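J.: Got a predicted structure here, sequence first:
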Amino acid sequence: MEARLQQTRQDQKIVTWWTTPPQGAQLFHSGEIDIMPTFSNRAYQLIAQGDGLAICWNQAFYNSYGWVIPKGNPKAELTRRLIVFSLEPESQAARCAKIGAGPSNVNAYQFMSKDVSR
């Protein structure tokens, strides 16, 4: 793998490195790149803007995230309320409509338009 990365780094004509998700989206939007790995919500935003983009999930990987409340957090109860709110189906449906990511709560689909839920 390292040898292939070294070879890729040497051929700068075909490689553009990006360091932040917005930068990657801008490179695609401006036409500087034709293909890239990116976060699905960034891709969906580009599609919504009308960029000629298609998503290929072949050999894609899935990331999952979790919530943590540090021990002794003086705002632990407020944090718990935020977590509960974020897990409600209505909240997830609204978030999905804005950023293009899927919900973790399957009940959110009943609050989504067909365009968003696909």
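T.: Nice, I can see it. Numbers count the residues shown, from 1 in each chain.
J.: The closest residue to Ile47 other than its chain neighbours - how many residues pack around it?
T.: Spatially, and ignoring its direct neighbours in sequence, Ile47 is nearest to Leu53 (5.2 Å; CB to CB, 6 or more residues apart in numbering). Yep, even glycine has a C-beta here, placed from its N, CA and C like the rest. Neighbourhood size, Leu53 [other CB atoms under 10 Å]: 19.
J.: In terms of helices and strands, where is Leu53?
T.: Using DSSP states H and E, Leu53 sits within no helix or strand.
J.: for Ala94, same thing?
T.: helix 89-99.
J.: Flag every buried residue along that helix.
T.: By 16 or more other CB atoms under 10 Å, the buried positions in helix 89-99 come out as Pro89, Ser91, Gln92, Ala93, Cys96.
J.: Format those as CSV; extra columns: distance to Arg80.
T.: CSV is the format used below for the buried residues of helix 89-99 (distance: CB to CB, whole Å):
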residue, distance to Arg80
Pro89, 18
Ser91, 15
Gln92, 17
Ala93, 21
Cys96, 23
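J.: In this protein, mark out all the helices, start to finish.
T.: Assigned by DSSP state H, the chain shows helices spanning 2-10, 21-29, 40-48, 76-87, 89-99, 114-117.
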